[in-house]
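> Quick one: sequence and predicted model below, then my questions.
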Amino acid sequence: MDQNILDNIGGQDRQELLRLLNEFILQSYKVEKEFKDYKALYEWVIEILPQAIWVINENKSFFYKNSKAIESQEVFEKARALGFNTEIEHEGKNYLFQNNKIQGKEIITATDITKQKRQERLVSMGKISAHLAHEIRNPVGSISLLTSVLLKKVEDKTKPIVFELQRALWRVERIIKATLLFSKGVHANKVPQSLGLLEDEIKEALNQYSYTKDISLKTAIAPISASYDLSLLSIALQNFLYNAIDAIEEGACEEGHIEVIAFEENEWVVFHIKDDGKEVLDKDLLFEPFETTKLKGNGLGLALSLQVVQAHGGKITLLDTAEKTFEIRILKDL
């Protein structure tokens with residue numbers, strides 16, 4: 001303030017004026033701080049949004065980008081070449097781009113819709129698979145009936161061929177059943193019963209599966225009871241057993257060993273399925289429906305097993321151990 005103006009103001013008025021100026025300055029600082037706080041809040045909100053966001057000036061320069069936008073610049077350029085408002089596939093992911101104009105600025109957003117697109121594909125594939133399964137089931141049933149009749153009429157030296165036909169048919173029937181079960185969804189009918197029933201199911205499943213190498217199976221199921229769906233949990237364990245057999249068949253060893261054990265741990269029933277076959281190449285694909293790295297199978301076995309275990313309030317883990325071990329946990333709740 002000009003010193004001459006202050007000199008012309010009386011002492012009391014001068015003090016009042018200085019007080020008001022000081023209060024004005026303090027209020028200005030307060031408003032500036034609130035503005036900065038609100039700006040930080042807005043930026044924080046924009047940062048936690050699931051979309052990548054670009055704000056573009058009229059001269060096409062960038063006014064603002066959030067961190068997701070900075071990471072997604074390559075896919076942004078693809079979308080810009082197509083005029084935005086489109087879906088872009090980039091490095092195995094799908095993005096939905098949208099743009100709006102507000103006060104002379106263009107706001108571009110990109111939403112990762114990979115999960116939604118995957119779900120749409122799964123629904124379509126599930127419907128197609130279920131339809132094919134229904135169509136295949138009738139002729140397979142007829143062939144199975146004919147092989148049973150044939151088994152009674154052929155000579156003993158020919159019976160191994162018929163048995164092999166029955167195993168192949170059983171495999172097809174198992175795939176059909178898994179496909180229909182997966183497409184309908186899994187609902188567990190849990191009943192208190194002994195785990196020993198599962199041991200018989202596992203041993204019988206081994207006899208029904210075709211393999212060429214010398215494979216030994218060791219089971220150690222603790223004599224405990226739990227509430228579970230025998231049919232569903234048998235399917236889940238069978239799938240892990242067959243997964244182990246296929247891994248041994250594809251591995252370099254001439255013979256293989258599989259171990260299935262079950263024990264109680266607090267409120268859990270825990271299963272460990274071990275094998276010395278081929279290692280898991282891609283852990284991310286383990287439970288993906290219709291995705292498989294195996295020579296056999298349709299990619300539904302472990303995906304269905306996961307549904308079964310989750311229906312029992314459980315989870316599946318590939319343990320980080322020297323020996324390949326899958327761990328299945330289900331709630332015991334009797």
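Yep, it's here.

> So for the helix or strand containing Ile328, what gets flagged as buried?
Using DSSP states H and E, Ile328 sits within strand 325-331. For strand 325-331, a neighbour-count test (16 or more other Cβ atoms under 10 Å) marks Thr325, Phe326, Glu327, Ile328, Arg329, Ile330 as buried. (Each C-beta comes from the backbone N, C-alpha and C, glycine too.)

> Distance check, Lys78 against Glu32.
Distance, Lys78 to Glu32, by Cβ to Cβ, to the nearest Å: 41 Å.

> Counting neighbours, go ahead and name the busier of those two.
Higher neighbour count among Lys78 and Glu32: Lys78, with 15 against 10, using other Cβ atoms under 10 Å.

> so what's that one closest to, chain neighbours aside?
Ile88 (5.3 Å; Cβ to Cβ, 6 or more residues apart in numbering).

> Report all helices and strands that the helix or strand where the one you found lies contacts.
In this assignment (DSSP H and E), Ile88 forms part of strand 87-90. With contacts taken as 3 or more Cβ pairs under 8 Å, 6 or more residues apart in numbering; DSSP states H and E, strand 87-90 sits against helix 73-81, strand 93-102.

> how about those in JSON lines, adding mean pLDDT and distance to Ser124?
Below are those laid out as JSON lines (pLDDT from 0 to 100; distance: least, Cβ to Cβ, whole Å):
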{"stretch": "helix 73-81", "mean pLDDT": "89", "distance to Ser124": "25"}
{"stretch": "strand 93-102", "mean pLDDT": "89", "distance to Ser124": "15"}
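
> Mind putting those into a markdown table with distance to Ala247?
Formatted as a markdown table, those follow (distance: least, Cβ to Cβ, whole Å):
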| stretch | distance to Ala247 |
| --- | --- |
| helix 73-81 | 37 |
| strand 93-102 | 30 |
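
> Relative to Glu23, which of the ones you listed is closest?
strand 93-102 (36.4 Å; Cβ to Cβ).

> Quick check, pLDDT for Gly11.
Looking at Gly11, its pLDDT reads 63.

> one step back: neighbouring strands - and their directions - for the strand holding Ile328?
strand 268-275 (antiparallel), strand 315-318 (antiparallel) (DSSP bridges).

> right, and those - which one's nearest Trp170?
Among those, strand 268-275 comes nearest to Trp170, with 20.9 Å by Cβ to Cβ.

> quick check: mean pLDDT across whichever helix or strand comes after the closest one?
Sequence order places helix 301-311 as the next helix or strand after strand 268-275, per DSSP H and E. For helix 301-311, mean pLDDT is 88.

> could you dump helix 301-311 to CSV, C-alpha only?
What follows is helix 301-311, C-alpha atoms only, in CSV (Å, rounded to 0.1, in the frame of the first residue of the first chain):
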residue,chain,number,x,y,z
GLY,A,301,-12.1,-80.3,-16.4
LEU,A,302,-10.3,-78.0,-14.0
ALA,A,303,-12.8,-75.2,-14.6
LEU,A,304,-15.6,-77.4,-13.6
SER,A,305,-13.6,-78.7,-10.6
LEU,A,306,-13.2,-75.1,-9.4
GLN,A,307,-16.9,-74.6,-9.6
VAL,A,308,-17.5,-77.7,-7.6
VAL,A,309,-15.0,-76.7,-4.9
GLN,A,310,-16.4,-73.2,-4.7
ALA,A,311,-19.8,-74.7,-4.3
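
> Name the residues of that helix that are buried.
Under the neighbour-count criterion of 16+ other Cβ under 10 Å, helix 301-311 has Gly301, Leu302, Ala303, Leu304, Ser305, Leu306, Gln307, Val308, Val309, Ala311 buried.

> Which two of the residues you listed have the greatest separation?
Greatest spacing in the buried residues of helix 301-311, by Cβ to Cβ: Gly301 and Ala311 (15.9 Å).

> And the buried residues of helix 301-311, which is closest to Glu47?
Taking Cβ to Cβ as the measure, Glu47 lies nearest Leu306 of the buried residues of helix 301-311, at 33.3 Å.

> residues in contact with the closest one?
Neighbour list for Leu306: Phe287, Ile316 [criterion: Cβ atoms under 8 Å, 6 or more residues apart in numbering].

> how close does it sit to Glu201?
From Leu306 to Glu201 the distance is 19 Å (Cβ to Cβ).

> now the strand or helix carrying Asp200 against strand 268-275, angle please.
Using DSSP H and E, Asp200 falls within helix 196-208. Relative orientation of helix 196-208 versus strand 268-275 (axes from the mean of the first three to the mean of the last three Cα atoms, to 10 degrees): 20 degrees.

> Mind listing what's buried along whatever helix or strand comes next after helix 196-208?
As assigned by DSSP H and E, the chain's next helix or strand after helix 196-208 is strand 214-221. By neighbour count with 16+ other Cβ under 10 Å, strand 214-221 contains the buried residues Ile215, Leu217, Thr219, Ile221.
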